[in-house]
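Q: Quick one, structure for this:
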Amino acid sequence: MQESIEYKHDCGEVKDSTPWSVALRDSSVLWSLVVDLGLLGLFTAQHSVLARSPVKQVLQSVLGVLNRTAYCFTTALALQVLMRYWQPVTGAPCLWSVRHAPWSIWFPLICFSLHFLCWAVICSSLMIFDYPELVGIKQVYYGCLSLGDPLSDLSPPAQRLLSHFRHPVYLELVVILWLLPTLSLDRLLLAGVLSTYVALAHTLDKQDLAYLCVRFKSKVQLFSGATSGQSDVNNVEE
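A: Just a heads-up that it's a prediction; the model follows:
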């Protein structure tokens, strides 16, 4: 807690007094940016290279039904390395920092509320899709029972969507990355690289979005039917 308070103070007051011309020649600032850029390169490379069709075919021949599980594991490992070795830039000014009342109170609350909403949408998106299939559990289950590839049971629109769908939460991720009361130089690097990666990976079209809407409506109807059915049961018991 004390470390976070000192970092906030440094970003708010001490950093603002450091000219950019001096900060960008500081070896500690440059080294932190190089390390962070390397970590981002590792994460994006793992996320992209292992998703390429030739690489997926090779891994499929070696790992079999564990291919998707291995991809999710290496993604989680790369993310842990990114968070563990990330270097905050403490010697450069912040790009912006909301410190004046009343926005110093209200703007962080707005950011928190929108971040909470975005994470709720991200969790809800997992309900639209087949979560066990996304993390590789369903592939292992089908393999143990000799049921084949679970993707073969999907409809053609679903298979088409999955061939385009690089990341399920484009807009929500961008909001989380950029909507902040304080934007430091290392956070700018994080937001810029990941936003660029998301933009380049965006290949959805109208047919994919139409399929998403249909899936969302079916999930809502299923949930509403289950809720009304439970209410009917409760009324009968009473």
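
Q: Can you name the element that comes right after the helix or strand containing Arg84?
A: Using DSSP states H and E, Arg84 sits within helix 67-85. Following helix 67-85 in sequence order, the next helix or strand is strand 96-97 (DSSP H and E).

Q: Could you spell out the sheet neighbours of that next one, each with its direction?
A: Partners of strand 96-97 in the sheet, by DSSP bridges, are strand 182-183 (antiparallel).

Q: helices and strands of the protein: which one bottoms out on pLDDT?
A: Least confident element among the helices and strands of the chain, by mean pLDDT, DSSP states H and E: helix 2-9 (a mean of 40).

Q: can you map out the helices along the protein?
A: Taking DSSP state H as the criterion, the chain contains helices spanning 2-9, 20-23, 27-49, 53-63, 67-85, 103-128, 131-134, 137-144, 156-164, 170-178, 185-201, 206-237.

Q: Output the ones you listed as JSON lines; include the columns mean neighbour count and distance to Gly91.
A: C-beta here means a position set from N, CA and C on the backbone, and glycine is covered the same way. Output for these, formatted as JSON lines (neighbours: other Cβ atoms under 10 Å; distance: least, Cβ to Cβ, whole Å):
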{"stretch": "helix 2-9", "mean neighbour count": "10", "distance to Gly91": "12"}
{"stretch": "helix 20-23", "mean neighbour count": "12", "distance to Gly91": "6"}
{"stretch": "helix 27-49", "mean neighbour count": "15", "distance to Gly91": "5"}
{"stretch": "helix 53-63", "mean neighbour count": "12", "distance to Gly91": "39"}
{"stretch": "helix 67-85", "mean neighbour count": "14", "distance to Gly91": "18"}
{"stretch": "helix 103-128", "mean neighbour count": "13", "distance to Gly91": "24"}
{"stretch": "helix 131-134", "mean neighbour count": "15", "distance to Gly91": "41"}
{"stretch": "helix 137-144", "mean neighbour count": "16", "distance to Gly91": "45"}
{"stretch": "helix 156-164", "mean neighbour count": "14", "distance to Gly91": "42"}
{"stretch": "helix 170-178", "mean neighbour count": "16", "distance to Gly91": "22"}
{"stretch": "helix 185-201", "mean neighbour count": "17", "distance to Gly91": "9"}
{"stretch": "helix 206-237", "mean neighbour count": "11", "distance to Gly91": "44"}
